[in-house]
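Engineer: After the sequence you'll find the predicted model.
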Amino acid sequence: MTKSALLLIDIQNDYFPSFDGSKMPLPNMDAAVENAADLLATARDAGLKVIHVRHLMATDAAPFFHPESEGAEIHHRVSPKAGEGIVEKSRPNSFVGTNLEPLLRKAQIGHLVICGAMSQMCIDATVRGGVDLGFKVTVAQDACAAANVLHDDVSVPAAMVHAAIMAPLAASYADVRPTSEIKPTIPS
C-alpha cells in the first residue's frame, strides 16, 4: 500500500481577511481553513505524515509573508504539532530549493494530499511539481483558496481563478475532490 502524507501549503495569516493587518487577503481563505483543519484532524487521527509548508519572502520589500512577521506565521487553526514537518520555501513550487522531496522519500511517501493557498500559484506549482517527481496527488479543492486577479484589463474573480486552476489539474494531474470525499479515503 502506498503511504500518504498531508501537505498544508502556505496557510499563513497574511492570506486571511479575518487577520488584522492581512497583507494579501484571499476571499475564500476563512472557509478554506475550516476544511483544511478538518482534513488535518482526520490525517492526525489516522497517523498520516503531516507537513506544513511555509512561504517566506526574502526581504521586507516583498508584498507579504515578511520574514519574522506575524503575517508569515501559520494560521492557528492548522498550527503544527510536535513531530510534524515544517518546510520553508521562497518559491511557488514547494519542491524547489527545499528539503521536501528528500523528506517524503525518506518516509516512503508515494501519495500527497494537498491543500492551502494560493490555488493559482503555490498549489498549482506544487501539484505539477509533485506529479513530475512521480508522486500521486489528491487536491482538497474546498480547502484551497485563490486571489482575485487582473489580466489585460479583465478582472477575474477568485472563484473563477480557482475553477480555472482546479479543472486542468483534475483533467490530467491530480484527483481533485472536496474534503468530504477525501476524508473517508484516508487510511486509519
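Structural biologist: Good, I have the coordinates.

Engineer: The residue located most distally from the centre of the chain and residue 161: what is the separation?
Structural biologist: Most distant residue from the mean C-alpha position of the chain: residue 153, 28.4 Å away (Cα atoms, centre = their mean). Remark: distance between residue 153 and residue 161 (Cβ to Cβ, to the nearest Å) = 16 Å. Yep, even glycine has a C-beta here, placed from its N, CA and C like the rest.

Engineer: for whatever helix or strand residue 52 lives in, packing partners?
Structural biologist: Per DSSP states H and E, residue 52 falls inside strand 49-55. Using 3 or more Cβ pairs under 8 Å, 6 or more residues apart in numbering; DSSP states H and E, the elements in contact with strand 49-55 are strand 3-9, helix 29-46, strand 85-89, helix 100-106.

Engineer: Can you tell me which of these is nearest to residue 19?
Structural biologist: helix 29-46 (9.0 Å; Cβ to Cβ).

Engineer: The closest one - what's its average pLDDT?
Structural biologist: Taken as a whole, helix 29-46 has an average pLDDT of 97.

Engineer: Run the chain-centre distance for stretch 15-22.
Structural biologist: 17 Å (Cα atoms, centre = their mean, to the nearest Å).

Engineer: Now do it: everything it contacts.
Structural biologist: 13-14, 24-27, 29-30, 33, 64, 70-71, 75, 117-118, 145 (Cβ atoms under 8 Å, 6 or more residues apart in numbering).

Engineer: Just the buried residues of those residues.
Structural biologist: Among the contacts of stretch 15-22, those that count as buried by neighbour count (16 or more other Cβ atoms under 10 Å) are 13-14, 24-27, 29-30, 33, 64, 71, 75, 117-118, 145.

Engineer: Nearest to residue 165, out of those: which one, please.
Structural biologist: Nearest member of the buried ones among the contacts of stretch 15-22 to residue 165, counting by Cβ to Cβ, is residue 118, at 9.0 Å.

Engineer: List the contacts of stretch 172-182.
Structural biologist: 35-36, 38-39, 113-115, 127-128, 131, 136-143, 166, 169-170.

Engineer: run the last query once more with 10 Å
Structural biologist: 6, 32, 34-39, 42-43, 111-115, 123-124, 127-128, 130-132, 135-144, 165-170, 183, 185 (Cβ atoms under 10 Å, 6 or more residues apart in numbering).

Engineer: same thing with stretch 55-73?
Structural biologist: 9-10, 12-16, 19-25, 54, 79, 87-92, 94, 116-118, 121-122.

Engineer: go on, stretch 100-110?
Structural biologist: 1-5, 7, 48-49, 51, 53, 85, 87, 89, 93-95, 99, 111-112, 126, 129-130, 133-136.

Engineer: Show me the shaky parts of this protein.
Structural biologist: 1, 188 (pLDDT under 70).

Engineer: residue ranges for the strands of it, please.
Structural biologist: 3-9, 49-55, 85-89, 109-117, 136-145, 149-151, 154-156, 175-177 (DSSP state E).
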